[in-house]
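Novice: Sequence first, then the predicted structure:
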Amino acid sequence: MRYILLKTEFYSPYTSVQFFAEHGSGSIVPPPSTLIGALAAVYYYPVEREIEDEFVSRVKYVTFHVPPYTVVENISRHFTLFSQRKERLKALRAAIDVVAGARELDAAVLKIFTNYGGLRLKKNESVEEALQRMRSSGMTDIDIALTAVQVLLAPATRTETYFWEPAYILYVVDDDLKIEPTGIMRIGPKESIVSVTELKIKNLQRINERIRTRFYVPVRALEGMCGTCNVVYMAQRPGGDPEKVGVEPYYVPRSAPDMSIEGSPAHGWAAVEIEAEDVTLRAIVPEYVAP
């Protein structure tokens, strides 16, 4: 397995929303799912596509070294100079046409709403079944279309995290995964612009002692409790299925002058020290990726 250490500069805040939602308070730091997504974007470039399980399985572990930060929650709109999408414009046009009576609501139109208008399908539900369900619940076609309009145009809140210093990302990947990680230009939404520098790792060793680290860790990876940490629920893998993304609690250091997570790795986990260019960092990683 290969360790990749990236020094990351954020030129804008990291933005996030609630799990599987269009707005709301999200994660204060990029979760593993987002970090894998950023790496996948480079791997699949220039074609944007769904992240395949085969790629995800080749990223054995990922974590984020948290610099001092400030968190705010701002009001934003989906249709801004920075985040406007052609597909969302199509959804808005279709919704307005249905409300105005210029277009009938059918399965094809509803499919546009479910992709970009905030309407959700139930598990294993077809678009046709969803349309029938909504109508049988008493919603008119105009009600359904107005819901899409509201989602697309109404003000929406989101979390913005401003990092004061560079962050570090640690990937552990298969040896034969051919990728150029310095191609990462954003982490999360389009607004989260970054630049990354891959640091040459000079020495990597396991250490058998209690450590202090800023790399976030799953709660189950640490013996005892971290009394000075935030507990943040984060997804481990990309995807839109709540049952597959692997949501679990992580310890994230609170922003403070001497911020860190302190403790010993639990059974099945190991502490490692990474000596790289101009920096030496410690982390807790799964036993199966430890040196």
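Specialist: Everything's here; your move. Numbers count the residues shown, from 1 in each chain.

Novice: what stretches of the stretch 51-200 of the chain score poorly on pLDDT?
Specialist: 76-85, 115-119, 190-191 (pLDDT under 70).

Novice: now the strands for the stretch 1-150 of the chain?
Specialist: 2-10, 14-16, 59-65, 69-76 (DSSP state E, counting those that start in this stretch).

Novice: ok, residue 2 touching residue 175?
Specialist: Yes - counting by CB atoms under 8 Å, residue 175 is a contact partner of residue 2 at 5.3 Å. Bear in mind the C-beta positions are built from the backbone N, C-alpha and C, glycine included.

Novice: if you count what's nearby, which of those two comes out ahead?
Specialist: More crowded of residue 2 and residue 175, by other CB atoms under 10 Å: residue 2, with 14 against 7.

Novice: In contact with the more buried one, which residues are there?
Specialist: Applying CB atoms under 8 Å, 6 or more residues apart in numbering, we find residue 2 in contact with 172, 173, 174, 175, 177.

Novice: Could you rerun that using 7 Å?
Specialist: For residue 2, the contacting residues are 173, 175, by CB atoms under 7 Å, 6 or more residues apart in numbering.

Novice: Can you tell me how far it is from residue 291?
Specialist: 11 Å (CB to CB, to the nearest Å).

Novice: just residue 31 next, same as before
Specialist: Using CB to CB, residue 31 is found at 25 Å from residue 291.

Novice: Domains in the chain, by residue range?
Specialist: 2-76+158-289, 86-154 (automatic domain parsing).

Novice: Now do the end-to-end distance for the last one.
Specialist: Domain 86-154 stretches 18 Å from its first residue to its last (CA to CA, to the nearest Å).

Novice: Could you name the helices and strands sitting against the helix ranked longest in the chain?
Specialist: Ranked by number of residues, the top helix in the chain under DSSP state H is helix 86-100. For helix 86-100, the packing partners by 3 or more CB pairs under 7 Å, 6 or more residues apart in numbering; DSSP states H and E come out as helix 107-116, helix 141-153.
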